[in-house]
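Trainee: Whatever this is, show me its structure:
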Amino acid sequence: MKPLKPSTLLLGFAAGMSPFGMAIVVPTLELFAQEFQASYSTIQFIISAYLFGLATAQPMVGFLSDRIGRRPVMIGGIFLFIFASIMCLITDNLNTLISFRFLQGMGGSVGTVMARAMIRDSMSSGDSAKPLSRVTAVMGMAPMIAPVVGALAISLFGDPKSIFIVTLIIGVIILIPVLFRLPETRKVEHVGSMSNELWHQKYRYLLSSKVFLGSTFIYGFTTGSFFAILAVGSTVFSKDLGIDSTGFGLIWSCMTVLYASAAFLSGNLSTKIGLMSVMRIGVLLNLLSGVMFFTSIALFGVTLFSIIIPLVVMFFAHGFIVPTSMTKAVSNRPEIAGSSAGLSSALGLVTGGLFSILSGAVYTGSFLPISLIVMASTIMCSLSYALIKWGE
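Mentor: So this is what the prediction gives:
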């Protein structure tokens, strides 16, 4: 019996839950610092704990879904996200808030991993690029919308913890259709084929696969360039260009719309010219954007055009790269699609996060070192593409 295909829109909303939950706290950090009388570096753990929860849970989520099914893992994760949202809302202690943000990140991790696994369960590797591009587009829009929603919640309720009312409502809205409309997609024959395979055997296979590693690090280095710019972007726009946070947010939102549009386009192109061809175009454009970034900053300094033009090329390239690399990472062995999706998501997130840390550490007022980091990430992305071709 052919497995039922899950709704791509529903999977997109579920996958968007984790970036939404991360980004919604951005406008509240200063208010939380005042409320808890804490330093800004300490308050940053409200974001860091969430990201650590995501990275920690994703491999575990993927493994469990291969064992017990996609539906129960998805449902359990959303319930955890809702429970953690409630606890974040009612706590009056910063350490407790940070702890439940960790759990909220763990719960939110299920959407991204299960969306990839369920799409791969339901169709072939070649056909999965198009629906995954739709899911990726929704994921890309979520962190753009979240800070605006967070700011509205603060203005409405007057309390930074009111953002957790929003995450609670989002969790419930996603949970209801998941409970009643999301089918189980794990195939019965795949259960038997991997029943005797231990978790470390699966991960040993994945970590020795050039195709898996290349796809994962393409995604990781792509997000790395994004995080490297985002870590200091608001400061650079304000200090060097005289553009306030509202203007920066508007520009970044436009870039996110461009990314989502490119992700939709990449899905259509993948069915016509092939997934690897679309990925190659994205990787080459990404490399071009990195070189443009460094050379334009080195030659002309920080101007609106020396930043915006490379950003336009980069975000368009990312729309091609992210859905194709995420698809390729789960393509080789569909019976362990959950484990593949979980491990690749975790490794990609950690890789991208390291670039954010590196960018923040080297920034001393000059954007040139940051542009060098961005160019380096695009070069490593190209090398990761070469690793896939070597593996094939």
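Trainee: Quick check: phi and psi at the nearest residue to Phe52 once chain neighbours are set aside.
Mentor: Ranked by Cβ to Cβ, 6 or more residues apart in numbering and with sequence neighbours excluded, the top spatial neighbour of Phe52 is Phe102, at 6.2 Å. In this view, the C-beta of every residue, glycine as well, is placed from N, C-alpha and C. Phe102 adopts backbone torsions of phi -60, psi -50, taken as degrees, to the nearest 10.
Trainee: Tell me how far whatever helix or strand Leu299 lives in lies from the chain's centre.
Mentor: Per DSSP states H and E, Leu299 falls inside helix 275-300. Distance of helix 275-300 from the chain centroid (Cα atoms, centre = their mean, to the nearest Å) equals 20 Å.
Trainee: burial measure for the residue nearest to Phe52, as a count.
Mentor: For Phe102, the neighbour count with other Cβ atoms under 10 Å is 20.
Trainee: Measure how the top helix by length along the chain sits relative to helix 275-300, angle-wise.
Mentor: The helix that spans the most residues within the chain, counting by DSSP state H, is helix 210-241. If you take axes from the mean of the first three to the mean of the last three Cα atoms, to 10 degrees, helix 210-241 sits at 30 degrees to helix 275-300.
Trainee: Give me the helices and strands touching helix 210-241, please.
Mentor: For helix 210-241, the elements it packs on are helix 245-273, helix 275-300, helix 304-329, helix 337-362, helix 368-391, judged by 3 or more Cβ pairs under 8 Å, 6 or more residues apart in numbering; DSSP states H and E.
Trainee: List the buried residues in the last one.
Mentor: Looking back up the chat, that one is helix 368-391. Buried residues in helix 368-391, counted by 16 or more other Cβ atoms under 10 Å: 369-378, 380-382, 384-385, 387-388.
Trainee: by contact count, what packs against it?
Mentor: On a contact count with 3+ Cβ pairs under 8 Å, 6+ apart, helix 368-391 meets helix 210-241, helix 275-300, helix 304-329, helix 337-362.
Trainee: Identify all contacting residues around that helix.
Mentor: For helix 368-391, the surrounding residues in contact (Cβ atoms under 8 Å, 6 or more residues apart in numbering) are 209-211, 213-215, 217-218, 221-222, 224-225, 228-229, 232, 236, 276, 279-280, 283-284, 286-287, 289-291, 293-294, 297-298, 314, 321, 328, 355, 358-359, 362-363.
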